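In: Below are the sequence and a predicted model for it; my questions follow.
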Amino acid sequence: MDHLIHIEQTPRAAEKPPLHRTSNDAGFKIKHGDIYEQSSFSSDFLTKLDNEYNEVARTLQAFNKNVFPDGHRDLEQDAPTNDDVLQVVRQAEATRVSSTHGRHLRWSTLLLESCTASLDAHSVLLCAFPRGERYRSLLYRALQSVIKASAGYYKVAEGLSQALIEINEAVFSIRDVCLDESLTVLSPVATLYSQIFLFFGEFMYWYTKKAKCRLLQSHHQDFYSDLQYLVQVIRGTCSSINLGLVDTTHLAVAIGMKGGTNLSRATLYQMEEARLSQAGLKGTDRHVASQNTIIRQLLWEIQKDASERKRMADEKDILLSQLFHLLEQKVHSFEKRGKDEVAVTAMALEDIGMRFHQFHLSLDLD
């Protein structure tokens, strides 16, 4: 990647450090306050969508300034088109062509096909809302930024591509849903895009955190596994829209399918539930939800690390046992071969002695 993320200096002691994780933490220094005027509609689902829109708008502006300090204005068009997004995808694909990783190029190609097929579906669904054009514009700008930012990092690009492909395919599956002004359809669609905006905010926070620690180049950084359950919830929301159902069990089902101990599943569920609860909140409520998410993430990481250490210790014991067993087999093999060689040597010496004795007898006879 041409531009390393800019890491700002620690604020002076007199300054109050930022508290809001998603938009201000990890290098984000944008002040609070909605960039765009809130919608006059009082419907709860529209208010939550507006809140998440404002949150991601702030986060995206800060993200672009930190990751692309010299070219962030190119990513801040008021109304990017489908062709603008596809152009960024093709540029990212061109960056990856030079990579020696075949899978990397495969994900790039699949992402291009996915975006080509799904962008119109995003437009149709979002433009059913009173401020739909602004929602669509933000979604497209977020797509451009995260794809461009990840292009130079193999594992990040692979994980992001996989997540975006799954989200795009899910959205494409509901492209023909009957959109009217009733809350029956618009409410779950608003919930869906609140979750999608949350996904982009979580990716930008994850990317910035890893960049500050200089971990983006590491092949051990698996972005998809960190947000796979949020992606599955988004896919589940799309399935519910297709079926005309109101289903809030997607997260529990997704985590229940992954196995693991009951304790680990419970901790994972609490973390992902806390992450998902941020969608649509603002102000103090958002801050509390963000802090709760951080705490749940720390608890989950501690438990996961302990589980990983136990697994490695168990594997070490198994490997040592296998090594000792192999060494015993080798020792027994050498002992058996040594005994066989001694027996053969004794027989050979006995045979030589008999021949020598016969030779002497023949000399005496002569």
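Out: Ah, there it is.
In: Correct me if wrong: residue 64 contacts residue 145.
Out: Yes. Look at residue 64 against residue 145 with Cβ atoms under 8 Å: they come within range, at 5.7 Å. Placement of C-beta: from N, CA and C, glycine included.
In: doesn't residue 153 make contact with residue 223?
Out: No. The criterion here is Cβ under 8 Å, and residue 223 misses it with residue 153 at 9.3 Å.
In: Please list all residues in contact with residue 45.
Out: Going by Cβ atoms under 8 Å, 6 or more residues apart in numbering, residue 45 touches 183, 186, 187, 190, 191.
In: Not counting sequence-adjacent ones, nearest residue to residue 112?
Out: The spatially closest residue to residue 112, leaving aside those adjacent along the chain, is residue 89, at 4.9 Å (Cβ to Cβ, 6 or more residues apart in numbering).
In: Please export the C-alpha coordinates of the helix or strand that contains that neighbour as PDB.
Out: For residue 89, the element it lies in under DSSP states H and E is helix 82-97. Only the C-alpha atoms of helix 82-97 are listed here, as PDB (Å, rounded to 0.1, in the frame of the first residue of the first chain):
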ATOM      1  CA  ASN A  82     -22.100   2.100 -10.200                       C
ATOM      2  CA  ASP A  83     -19.200   2.700 -12.600                       C
ATOM      3  CA  ASP A  84     -17.200   4.600 -10.000                       C
ATOM      4  CA  VAL A  85     -17.500   1.700  -7.600                       C
ATOM      5  CA  LEU A  86     -16.600  -0.900 -10.300                       C
ATOM      6  CA  GLN A  87     -13.600   1.200 -11.400                       C
ATOM      7  CA  VAL A  88     -12.200   1.000  -7.800                       C
ATOM      8  CA  VAL A  89     -12.800  -2.800  -7.800                       C
ATOM      9  CA  ARG A  90     -11.000  -3.200 -11.100                       C
ATOM     10  CA  GLN A  91      -8.100  -1.000  -9.800                       C
ATOM     11  CA  ALA A  92      -7.900  -3.300  -6.800                       C
ATOM     12  CA  GLU A  93      -8.000  -6.300  -9.000                       C
ATOM     13  CA  ALA A  94      -5.100  -4.900 -11.100                       C
ATOM     14  CA  THR A  95      -3.100  -4.400  -7.900                       C
ATOM     15  CA  ARG A  96      -3.700  -8.000  -7.000                       C
ATOM     16  CA  VAL A  97      -2.800  -9.400 -10.400                       C
END
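In: Can you point out the buried residues in it?
Out: Within helix 82-97, the residues that qualify as buried are 84, 85, 86, 88, 89, 92, 93, 95, 96, counting by 16 or more other Cβ atoms under 10 Å.
In: Looking at those, spot the one nearest residue 51.
Out: Relative to residue 51, the closest of the buried residues of helix 82-97 is residue 85; by Cβ to Cβ it sits at 24.4 Å.
In: Please look at the closest one and residue 140 and confirm they touch.
Out: Yes. Between residue 85 and residue 140 there is a contact under Cβ under 8 Å: 5.2 Å.
In: shared neighbours of those two, anything?
Out: With Cβ under 8 Å, 6+ apart, residue 85 and residue 140 have common neighbours residue 119.
In: how about the helices in the stretch 151-300 of the chain?
Out: 154-172, 183-212, 223-243, 250-256, 262-277, 283-365 (DSSP state H, counting those that start in this stretch).
In: Tell me which other helices or strands the third one touches.
Out: This means helix 223-243. Here helix 223-243 touches helix 154-172, helix 183-212, helix 250-256, helix 262-277, going by 3 or more Cβ pairs under 8 Å, 6 or more residues apart in numbering; DSSP states H and E.
In: between the contacts of residue 45, which has the most around it?
Out: residue 190 (26 neighbours; other Cβ atoms under 10 Å).
In: Give the residue spans of the stretch 1-150 of the chain that score low on pLDDT.
Out: The model of the stretch 1-150 of the chain has pLDDT under 70 over residues 1-43, 71-77, 97-105.
In: how about a cut-off of 90?
Out: 1-46, 65, 68-81, 84, 86-118, 124, 127-132 (pLDDT under 90).
In: do the stretch 201-350 of the chain as well
Out: Residues of the stretch 201-350 of the chain that meet the cut-off, pLDDT under 90, sit at 212-227, 239-274, 276-277, 279-280, 283, 290, 293-294, 296-350.
In: and the gap between residue 312 and residue 306?
Out: 11 Å (Cβ to Cβ, to the nearest Å).
In: try residue 195
Out: As judged by Cβ to Cβ, residue 195 and residue 306 stand 30 Å apart.
In: Neighbour count: these two, which is higher?
Out: residue 195 (22 against 11).
In: who touches that one in this structure?
Out: For residue 195, counting by Cβ under 8 Å, 6+ apart, the contacting residues are 230, 233, 234, 237, 276, 279.
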